[in-house]
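Asks: Mind looking at a prediction? Sequence and model below.
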Amino acid sequence: FLVDSQAVYQAFEDAVGDLDDMTLFRDTGLERVKALDEDIVFLCGEYGVAKPEVGEFGKSYAEEIRRMAKDGAVPELMCHFYNHYFAHTAGGIMIGKAMAAALLDKKVLNFYKWTTAGGEVIESRKPLPLLEPVKTEIEKMAAAWSDEERKRCVDETAATFRYGGQLNSYLSGGASPH
């Protein structure tokens, strides 16, 4: 789950970095690649295992994000960005608590922690000081889209849930409901 999530977040961070339309979504504090890298190194060391390869679900989702970025499909990409960052932030808190309690002697992984520009570390709750400004910028962007662009964004919603469900399926033994 963590390795595949890292691949997906890397694809998002690369897309945001590459697309001029996405400049407002750079360096928001929501970025997860570095935190995931730290957690993967910790877990590999703690359990004496090698870092696993990115699985099928992570590869396919990262490839789709990169394809959208390459094609300049910003409304579709923004649908994925919004749903992934916002849903996985909220759901991630619950997942992180459960993992910490069941497997890690209550150690909260960095993936489930966020640091604000002022240095406040947020864990065990939504990082609203980071989410709210991003949400505001997404709403401004979408308000400027044509009807056709809005439709393209909305039409991509089912795919965001399918890909996200596939990633989450690693936590339940690989059986995706999507």
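Replies: Cool, the structure landed. Numbers count the residues shown, from 1 in each chain.
Asks: next helix or strand past the longest helix anywhere in the chain?
Replies: With secondary structure taken from DSSP state H, the chain has its longest helix at helix 74-103. Counting by DSSP states H and E, the next helix or strand C-terminal to helix 74-103 is strand 113-115.
Asks: So which other helices or strands are in contact with that following strand?
Replies: When contacts are defined as 3 or more Cβ pairs under 8 Å, 6 or more residues apart in numbering; DSSP states H and E, strand 113-115 packs onto strand 121-123. Quick note: C-beta positions are derived from backbone N, CA and C, even for glycine.
Asks: Contacts for the strand it packs on next, please.
Replies: Applying Cβ atoms under 8 Å, 6 or more residues apart in numbering, the contact partners of strand 121-123 are Gly96, Val108, Tyr112, Lys113, Trp114, Thr115, Thr116, Pro129, Leu130.
Asks: Drop anything exposed from those.
Replies: Gly96, Val108, Tyr112, Lys113, Trp114, Leu130 (16 or more other Cβ atoms under 10 Å).
Asks: Those: which two are farthest apart?
Replies: Greatest spatial distance in the buried ones among the contacts of strand 121-123: Val108 and Leu130, 16.8 Å, computed using Cβ to Cβ.
Asks: mind checking the SS state of Val49?
Replies: When classified by DSSP: H, G, I helix; E, B strand; the rest coil, Val49 comes out as coil.
Asks: got it, and Phe57?
Replies: Each residue gets one of three states, and Phe57 gets helix by three-state DSSP.
Asks: tally of neighbours for it?
Replies: 24 (other Cβ atoms under 10 Å).
Asks: Excluding chain neighbours, give the residue nearest to it in space.
Replies: Excluding its sequence neighbours, the residue lying closest to Phe57 (Cβ to Cβ, 6 or more residues apart in numbering) is Gln166, at 4.0 Å.
Asks: any weak-confidence spans in the chain?
Replies: Across the chain, the ranges flagged by pLDDT under 70 are 174-178.
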